[in-house]
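# quick one, what's the 3D model for this:
(one chain, ligands or ions: 2)
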Amino acid sequence: MIYTVTFNPSLDYIIGVDHFKLGQVNRTKSEVIFPGGKGINVSMVLKNMGIDSVALGFCGGFTGEEFVRLIQEKGIKTELIKVKEGITRINVKMKSDEESEINGQGPNILPSDIEILYRKLDQLKDGDILVLAGSIPDVMPKSIYMDIMEYLKDKKIDIVVDATKNLLVNVLEHKPFLVKPNNHELGEIYGVELKTRDEVVPYAKKMQEAGARNVLVSMAGEGAVLLTEDGQVLQSEAPKGTVVNSVGAGDSMVAGFITGYLDKKDYKEAFTMGVCTGSASAFSVELATKAEVEALRKNNQHLF
Ligand SMILES: Nc1ncnc2c1ncn2[C@@H]1O[C@H](COP(=O)(O)OP(=O)(O)O)[C@@H](O)[C@H]1O
Ligand SMILES: O=P(O)(O)OC[C@H]1O[C@](O)(COP(=O)(O)O)[C@@H](O)[C@@H]1O
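Ligands and ions are numbered 1, 2, ... in the order given. This is a model prediction of the structure:
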């Protein structure tokens with residue numbers, strides 16, 4: 001089974017504003033609400049690709065109730081833990097001349113809530129995949145990703161981590177199956193600016209040397225780079241298309257990678273599916289569907 005953990009899920013409120021002006025009253029031209037959060041997005045795209053997963057994490061308050069309703073409506077299996085204080089955050093994603101995001105803080109998560117999460121993690125078995133994705137709310141120990149990996153170290157579980165800065169660096173010694181920083185996040189870790197795929201390769205290598213088995217670096221419209229545990233260095237341009245909503249493109253890429261890997265146990269296939277799924281999400285209002293991914297792949301054979 002695949003399990004995803006999202007410590008701080010969200011309702012993503014995606015609004016379009018014509019020529020947003022700071023310090024003035026602006027009005028939306030479009031508005032939609034989707035359930036969000038990195039692990040949740042991975043679960044939703046896996047579902048679209050025909051793969052079941054269980055979404056773990058925390059939710060609270062009236063926004064938490066709506067969040068649960070929305071993901072259950074999509075047929076996602078959930079074992080979310082309801083917390084008592086505070087509400088599931090609303091993350092505002094504004095599309096105007098530029099894209100801006102304001103991500104909220106989320107509810108209060110107590111040590112007793114974290115204890116319940118560990119009891120849920122006890123059900124993981126050898127051969128399962130665990131996706132740990134997204135930021136850790138301020139109320140939780142920053143070591144939680146490391147702690148979970150340490151807790152599960154005696155089981156043969158492939159762990160995927162999609163996080164930033166120290167959250168990511170600190171898990172490397174636990175040899176995650178896959179990490180997926182974007183080029184900006186990778187550059188931030190090593191104090192450099194990485195603009196091209198060739199520039200990314202040596203820094204992805206450093207992550208591998210520090211312990212990651214496979215390193216997938218997403219680069220939005222510039223495509224992606226994958227360094228595999230069997231020594232391959234794969235690069236791809238991104239498929240061309242009109243970006244409609246890039247929120248969740250990175251998470252979609254992770255889901256696509258897992259889909260391709262499970263299908264053929266082949267890293268090139270995983271990479272191709274990752275890139276196509278990320279781009280298919282960027283080119284549509286909602287997250288990628290299987291049909292969108294397949295169409296994009298068919299039309300972009302030359303890239304892979
Ligand atoms: N503008 C774009 N054009 C084509 N593909 C895109 C675009 N933005 C994202 N993608 C696809 O989605 C993947 C992940 O996007 P990226 O923005 O790098 O992730 P994140 O959301 O984690 O920052 C990219 O590697 C690419 O395949
Ligand atoms: O946990 P974080 O880092 O605050 O990110 C949460 C946000 O990331 C998303 O999961 C989107 O992630 P990506 O665009 O990086 O794939 C949103 O749905 C959510 O609002």
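# count the residues that sit near the residue of the stretch 1-150 of the chain found nearest ligand 2.
Relative to ligand 2, the nearest point of the stretch 1-150 of the chain is residue 36 (2.7 Å; Cβ to the nearest ligand atom). For every residue, glycine as well, the C-beta is placed using N, CA and C. Number of residues near residue 36 (other Cβ atoms under 10 Å) recorded here: 28.
# how many neighbours does the residue nearest to it when sequence neighbours are not counted have?
Nearest residue to residue 36 in three dimensions, chain neighbours excluded: residue 12, at 3.6 Å (Cβ to Cβ, 6 or more residues apart in numbering). Burial of residue 12 is recorded as 23 neighbouring residues (other Cβ under 10 Å).
# element containing residue 12?
strand 10-17 (DSSP states H and E).
# what's the following helix or strand after that strand?
strand 28-36.
# list the strands paired with that next one, with their directions.
Strand pairing for strand 28-36, using DSSP bridges, gives strand 10-17 (antiparallel).
# re earlier: any idea how far residue 67 is from the residue of the stretch 1-150 of the chain closest to ligand 2?
Distance of residue 36 to residue 67, given as Cβ to Cβ, to the nearest Å: 9 Å.
# quickly list what's touching both of the two.
Residues touching both residue 36 and residue 67 (Cβ atoms under 8 Å, 6 or more residues apart in numbering) are 9, 10, 11.
# of the residues you listed - the most surrounded one?
Neighbour counts for the shared contacts of residue 36 and residue 67 peak at residue 9, which has 30 neighbours (criterion: other Cβ under 10 Å).
# grab the nearest non-local neighbour of it.
Using Cβ to Cβ, 6+ apart and skipping residues adjacent in sequence, the residue nearest residue 9 is residue 37, 3.5 Å away.
# from residue 107, how far off is the residue in the stretch 51-200 of the chain that ligand 1 sits nearest to?
Residue of the stretch 51-200 of the chain nearest ligand 1, by Cβ to the nearest ligand atom: residue 182 (3.7 Å). Shown here: residue 182 relative to residue 107, a distance of 27 Å by Cβ to Cβ.
# what do you get for residue 135?
In terms of Cβ to Cβ, residue 135 sits 14 Å off from residue 107.
# neighbour count winner among these two?
A direct count of neighbours by other Cβ under 10 Å for residue 135 and residue 107 places residue 107 higher, at 24 against 18.
# how near is that one to residue 10?
11 Å.
# which residues are in contact with each of the two?
The contact lists of residue 107 and residue 10 share 88, 89, where a contact means Cβ under 8 Å, 6+ apart.
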